[in-house]
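Novice: Would you be able to build a 3D model of this:
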Amino acid sequence: MPAALAAAAIGLWWLLAVRYAYQGQATALYMIGERTPMPAWLEEREPLYRWRGSGGYDGQYFHLLAHAPFDLRRLAPLMDRPRMRCRRILAPAVAWILAGGRFEWIDPAYFAVILATVAAGVWWTGQFAAHLGRSPWWGLAFLALPSSLGSVERMLVDGPLMAALAGFLLFMERGSRRAAWLLAAAAPFVRETGLLIPAAAVLVSASRRSWKAAAQWSAAAAPFLLWLFLLRDLPGGGAMHWAGAFHSILRLAAESEPFERYPQYRLWLQGLDLAALAGFLAACGASLRGFWISWTRQERPALAAAALSAGAAFAMCHFEPRYGWDSVFSLGRVFAPVYLGLLAEGLASGRPWPALWFLAPAAVRSALPLGAVAWRAVTQTTGM
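Specialist: Prediction:
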């Protein structure tokens, strides 16, 4: 029931947004920028909604990949960082396969992939809670993750990746190791940060001194490492250089977004950004502390996933380019395993509320674009 409700809500929001806010053009959901180059063979067959004055967002590249997932080198010149974009091939490729390669069905198939995976995340989170004796309605907390909200609003793959993590945690809890292994192997193809899933399993196996299991979980990363090797000649992998100790944290704390479109709400929005940043840092600290305490107690892998994501966040905050630290919005969705791992561990221990308090400001911050589009839809329908 929670998953069906979530799917219905997402589908309804898409329908209303496309009809009343985007002039009936579903490609607006990809957030294709006015300055983003698109191939003639695509624009000739499909009218594209362009976001004025914008360079667009990541969904525009998944849209491109979904139309030609097996012709990456032809698409590479159209992408800002081709090697990084092409790593994340699974969702676009699945959409192409579902559509049978038929051009007119690819966009609906991609929307279906996003909808199905986010709904699966809700389902698996709810089943995880139910397995531990909690209410399955806890599954709706999956929708509050910045990764889920970003996928719904901008067709990003962070939501599908978190669904893979939710399924992995459920299958591990149930002892379904084969299903968990398959999800761990598939997750990096959704987004390279999915490598933390097999890494978390390796870490837990190592804490239990189960070296055979650790080797098996390490093997789950092998297919993606081969994929990286095949893409090695593409440009734009995204090199990083030292920017200063805790550079990104200090920058986000000191240089809030200007929110030029909403000057009357600027102070409130900047305060929300600071609250989201504080909640994220607190969640990182809680996950690292919790994993350190539980290292010798052979705990579930949820804390391991959260701690690894938190560790990656702290490792990357010293470098440029910033990637996940570009903005508070990016931060919450890229490092969403911190929130989901803490929530899962909270459900297991009977104390899920601290995880929700950490998540709440980031969830509100990530939902703001949905509210803006909803307001446009309301004004269109009521003539306000």
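
Novice: switch to C-alpha atoms for all contacts and neighbour counts from now on
Specialist: Noted.

Novice: who's in contact with the most centrally placed residue in the chain?
Specialist: By Cα atoms, centre = their mean, the chain has its centre lying nearest to D158, at 1.6 Å. Going by Cα atoms under 8 Å, 6 or more residues apart in numbering, D158 touches 147-148, 150-151, 190-191, 333-334.

Novice: next one: W124
Specialist: 139, 163, 166-167, 170.

Novice: same question, A187
Specialist: With contacts defined as Cα under 8 Å, 6+ apart, A187 is in contact with 161, 164-165, 194-195, 197.

Novice: sorry, back to before: just put the contacts of D158 in CSV and tack on secondary structure.
Specialist: Output for the contacts of D158, formatted as CSV (DSSP: H, G, I helix; E, B strand; the rest coil):
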residue, secondary structure
S147, helix
S148, helix
G150, helix
S151, helix
V190, helix
R191, coil
R333, helix
V334, helix
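
Novice: buried subset of the contacts of A187?
Specialist: For the contacts of A187, a burial check counting by 16 or more other Cα atoms under 10 Å picks out 161, 164-165, 194-195, 197.

Novice: Give me the buried stretch members for the helix or strand of the chain at the bottom of the mean pLDDT ranking, please.
Specialist: One helix or strand of the chain scores below all others by mean pLDDT, DSSP states H and E: helix 353-382, with a mean of 83. For helix 353-382, the neighbour count (16+ other Cα under 10 Å) marks 355-356, 358-367, 370, 373-374, 376-378 as buried.

Novice: and if you look at stretch 336-356?
Specialist: Result for stretch 336-356 [16+ other Cα under 10 Å]: buried residues 336-348, 352, 355-356.

Novice: And the contacts of it?
Specialist: For stretch 336-356, the surrounding residues in contact (Cα under 8 Å, 6+ apart) are 125, 128-129, 132, 134, 142, 145-147, 162, 165-166, 283-284, 287, 300, 302-307, 309-310, 358-359.

Novice: so where do the strands sit in the stretch 101-250 of the chain?
Specialist: Ranges of strands in the stretch 101-250 of the chain, per DSSP state E, counting those that start in this stretch, are 241-242.

Novice: what's the answer for the stretch 251-384 of the chain, then?
Specialist: Using DSSP E, counting those that start in this stretch, strands in the stretch 251-384 of the chain cover 319-320.

Novice: residues contacting L228?
Specialist: Counting by Cα under 8 Å, 6+ apart, L228 touches R87.

Novice: Next one: it from P188, what distance?
Specialist: Using Cα to Cα, to the nearest Å, one obtains 10 Å as the distance from L228 to P188.

Novice: returning to that earlier point: ok, of the buried ones among the contacts of A187, which one's closest to R174?
Specialist: For those, the minimum distance to R174 (Cα to Cα) is 14.2 Å, reached by L165.

Novice: Model confidence score at the nearest residue to the closest one once chain neighbours are set aside, please.
Specialist: The shortest distance from L165 to any non-neighbouring residue, by Cα to Cα, 6 or more residues apart in numbering, is to I197 (6.7 Å). As predicted, I197 sits at a pLDDT of 95.

Novice: how many other residues sit next to the residue nearest to L274 when sequence neighbours are not counted?
Specialist: In space, and not counting its chain neighbours, L274 is closest to A253: 6.4 Å by Cα to Cα, 6+ apart. Close neighbours of A253, defined as other Cα atoms under 10 Å, add up to 15.

Novice: Pull up the gap between L342 and V118, please.
Specialist: 19 Å.

Novice: Might you specify the subset of the buried residues of stretch 336-356 located within helices?
Specialist: If you go by DSSP state H, the buried residues of stretch 336-356 have 337-348, 355-356 in helices.

Novice: What does E46 show for phi and psi?
Specialist: Backbone geometry at E46, expressed as degrees, to the nearest 10, gives phi -150, psi 120.

Novice: With the one 4 residues further on instead?
Specialist: Geometry field for R50 lists phi and psi as phi -110, psi 130, criterion degrees, to the nearest 10.

Novice: Provide the partner residues of it in its beta bridges.
Specialist: Counting by DSSP bridges, R50 forms beta bridges with I32.

Novice: Can you report how many residues neighbour it?
Specialist: 19.

Novice: So it sits against A28, correct?
Specialist: Yes: R50 is within contact range of A28, at 7.0 Å (criterion: Cα atoms under 8 Å).

Novice: Now the helix or strand harbouring L65: average pLDDT?
Specialist: With elements taken from DSSP states H and E, the one containing L65 is helix 59-67. On average, the pLDDT along helix 59-67 is 95.

Novice: Please apply the same query to stretch 161-179.
Specialist: Here the average pLDDT along stretch 161-179 is 94.

Novice: Please work out which residues outside that stretch touch it.
Specialist: So stretch 161-179 is contacted by 117-118, 120-122, 124-125, 127-128, 131, 147-148, 180-181, 183-184, 187, 190-191, 194, 197, 300-302, 336-337, 340 (Cα under 8 Å, 6+ apart).
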